[in-house]
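>>> sharing a sequence plus its predicted fold:
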Amino acid sequence: MIQVRKSEDRGHANHGWLDSHHSFSFADYHDPAHVQFSVLRVINEDRVAPGEGFPTHGHRDMEIVSYVLEGALEHKDSLGTGSVICPGDVQRMSAGTGVRHSEFNASKSALVHFLQIWILPDRAGHAPGYEQKHFDPAELDGQLRVVASPDGRNGSVTIHQDAFLYATRLSGNAAVSHGLAPGRRAYVHVARGQVALNGTALVAGDGARVENETQLRLEQGRDAEVLVFDLP
């Protein structure tokens, strides 16, 4: 079964400096039908104005993944980490027993557009941690590239959960498939462009919950960039 949630049905908040769309309940937006899916708790599509950002604040017991689509995101945290995240980079911050961080648009002239993803950890109380990896566009073109996993396989960032995040870019006749083991679920998020999932058309901002399916097929992409979550 594939249940599509259209882009325009997401929660939306515009704070001037921040324009954010919420696939799941977040902050002042609450929808009891869309609180989380499996261990996937948050997908926020954020656009942050030049020089603006999220001042230092705290988190606990959450795996936070940032995926930049355009621009540059500057990160600082209480672990002593400082970095700039650009397209092709995937950042993982394990909040664990507690971490404080800030995220700002690194540019004074250009917007930063990124996805903020929260995944519930397998247990409370992990030590806080940070990791950042870069994936060249060629690694995503016409193939599913694992970018986050519980064991860091194939150079992916490591998360404290039995969940896998794949990314792909599709155009023209390119197609990718992903098998789901019995009992596994999936969530597909279209970051940009348009694509067909098992024959169902999706456009940028759309999400799809997948249950009781054995195979996912993404095809008919038009400048598509897609994230696929394989979930328990």
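That came through fine. Numbering: from 1, shown residues only.

>>> okay, CA-based contacts and neighbour counts for the rest of this
OK.

>>> adjacent strands (with direction) for the lowest-mean-pLDDT helix or strand in the chain?
The weakest-scoring helix or strand in the chain, judged by mean pLDDT, DSSP states H and E, is strand 53-59 (a mean of 87). Strand 53-59 sits in its sheet next to strand 99-105 (antiparallel), going by DSSP bridges.

>>> so how far is the following helix or strand past the strand it pairs with from its chain's centroid?
Per DSSP states H and E, strand 99-105 leads on to strand 112-119 as the next helix or strand towards the C-terminus. Taking the mean of its C-alpha atoms, strand 112-119 sits 5 Å from the chain's own mean (Cα atoms, centre = their mean, to the nearest Å).

>>> residue 32 - how many residues pack around it?
By the measure other Cα atoms under 10 Å, the count of residues near residue 32 is 8.

>>> what does the one 4 residues further on give?
The number of residues packed around residue 36, counting by other Cα under 10 Å, is 18.

>>> go ahead and confirm it touches residue 30.
No. Counting by Cα atoms under 8 Å, residue 36 stays clear of residue 30, with 10.9 Å between them.

>>> in the top strand by length along the chain, which residues are buried?
For the chain, the strand with the greatest residue count under DSSP state E is strand 215-231. Of the residues in strand 215-231, 216, 218-222, 224-231 count as buried by neighbour count, 16 or more other Cα atoms under 10 Å.

>>> circling back to that earlier point, list residues touching both of residue 36 and residue 30?
Counting by Cα atoms under 8 Å, 6 or more residues apart in numbering, the contacts common to residue 36 and residue 30 are residue 24.

>>> quick one: residues contacting the residue lying closest to residue 101 once chain neighbours are set aside.
Among residues not flanking residue 101 along the chain, residue 77 sits closest, at 3.9 Å (Cα to Cα, 6 or more residues apart in numbering). Residue 77 makes contact with 56, 99-102, according to Cα under 8 Å, 6+ apart.

>>> of those residues, buried ones?
Buried members of those, scored by 16+ other Cα under 10 Å, are 99-102.

>>> would you point out the most distant pair within the buried residues of strand 215-231?
Spatial extent of the buried residues of strand 215-231 (Cα to Cα) is set by the pair 222 and 231 at 26.2 Å.

>>> verify the contact between residue 75 and residue 103 for me.
Yes. With contacts counted by Cα under 8 Å, residue 75 reaches residue 103, the gap being 4.8 Å.
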